[in-house]
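Visitor: After the sequence you'll find the predicted model.
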Amino acid sequence: MIELAPSILSADFARLAEQVESAAAGGAVVIHCDVMDGHFVPNLTIGPPVVKSLRKVTGLPLDCHLMIENPDEFIPAFAAAGADWVSVHQEACVHLNRTLQHIRDHQMQAGVVINPATPVETLTEVLDMVDYVLVMSVNPGFGAQKFLPRSVHKIRRLAELRRQRGLSYRIEVDGGIALDTVVEVVRAGAEILVAGNAVFGKGDPKQNAEKLLKAATEATLEKV
Ligand code: DX5
Ligand code: ZN
């Protein structure tokens, strides 16, 4: 089962409710919120107030991808704002186990994220305590970047480890996902597809979401 999670980073923030609604009409089932602090990544975006506003206009799960230093400090604020899923970067967490537990203690789904240069093996000790693993297929910080193909073997490896260890985390991929890359990541085992530019960049978010989901679903039929 493939889930499309449009990233609002590429949406028109003045018309956020409308844009989210349009993507949902096209089959999106999760809304991905990119939170950047200008320290962990070289860009600034949104925080809990925008999540709180989104909460009022959609019933879809809000997937908050924290690209920030000291994420522990902000987990309660995201929970209070109505976030459903929170993911933190392995690279940003000195006490990763504690941070993931902190997310779960706030009744949210916990995800762990790895940058393109971070190996899957760095997650070995936490795979049994996460609801999802997010593989970055671009260096985080900006939308509309070029997909990095080396991320595909990490998706495959995570699917293999899950089988071997009898775990149930879901595999999410983020960065450069579009019609020309979606088949490859789905065949490798990605189940939650984040897409910003491909959904909100140009044209109609509804139609863009539909096309992307169609290509992704067709790819599952040929999965090897
Ligand atoms: C990158 C963000 C992504 C980004 C994806 O730092 O985490 O979620 O918005 O955007 P596209 O799909 O445009 O690569
Ligand atoms: Zn993201």
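Guide: Right, received. Where do you want to start? Ligands and ions are numbered 1, 2, ... in the order given.
Visitor: OK, contacts around the residue of the chain found nearest ligand 2?
Guide: Relative to ligand 2, the nearest point of the chain is His65 (3.8 Å; Cβ to the ion). No exception for glycine: its C-beta is placed from N, CA and C like everyone else's. Contacts for His65 were tallied using Cβ atoms under 8 Å, 6 or more residues apart in numbering; they are 32-35, 87, 111, 113, 134, 174, 194.
Visitor: wait, which of those is closest to Gly143?
Guide: Nearest to Gly143, judged by Cβ to Cβ, of these is Asp34 at 7.9 Å.
Visitor: host element of the closest one?
Guide: Counting by DSSP states H and E, the element that carries Asp34 is strand 31-36.
Visitor: For the helix or strand just after that strand, which outside residues touch it?
Guide: Proceeding N to C from strand 31-36, the next assigned helix or strand is helix 48-57, under DSSP H and E. Contacts with helix 48-57, where a contact means Cβ under 8 Å, 6+ apart, come from 8, 13, 16-17, 20-21, 31, 33, 62, 64, 74, 77-78, 80-83.
Visitor: Around Phe147, how many other residues sit close by?
Guide: Neighbourhood size, Phe147 [other Cβ atoms under 10 Å]: 19.
Visitor: Ok, the one 3 residues further on next?
Guide: For Arg150, the neighbour count with other Cβ under 10 Å is 10.
Visitor: repeat for the one 10 residues further on
Guide: Using other Cβ under 10 Å as the criterion, Glu160 is surrounded by 12 other residues.
Visitor: How about the one 3 residues further on?
Guide: Here the count is done by other Cβ under 10 Å, and Arg163 has 10 residues near it.
Visitor: residues contacting it?
Guide: Arg163 touches nothing, counting by Cβ under 8 Å, 6+ apart.
Visitor: How about the residues of this structure by ligand 2?
Guide: Proximity of the chain to ligand 2 is confined to 34, 65, 174 under the rule Cβ under 5 Å from the ion.
Visitor: picking that back up, for the contacts of His65, give me CSV that also has pLDDT and neighbour count.
Guide: As requested, the contacts of His65 are exported to CSV (pLDDT from 0 to 100; neighbours: other Cβ atoms under 10 Å):
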residue, pLDDT, neighbour count
His32, 99, 27
Cys33, 98, 25
Asp34, 98, 24
Val35, 98, 25
Ser87, 99, 27
Gly111, 99, 24
Val113, 99, 24
Leu134, 99, 29
Asp174, 98, 26
Val194, 99, 27
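Visitor: and stretch 212-224 with ligand 1, contact?
Guide: No. Applying Cβ under 6 Å from any ligand atom, one finds stretch 212-224 separated from ligand 1 by no less than 10.1 Å.
Visitor: distance between that stretch and the chain's centre?
Guide: The chain centre lies 19 Å from the centre of stretch 212-224; the measure is Cα atoms, centre = their mean, to the nearest Å.
Visitor: again, but for stretch 171-181
Guide: 10 Å.
Visitor: List the contacts of that stretch.
Guide: Contacts of stretch 171-181 with the rest of the structure, by Cβ under 8 Å, 6+ apart, involve 5, 7, 32, 63, 65, 87, 111, 113, 132-140, 145-148, 151, 155, 158-159, 162, 185, 189-195, 197-198, 211-212, 215.
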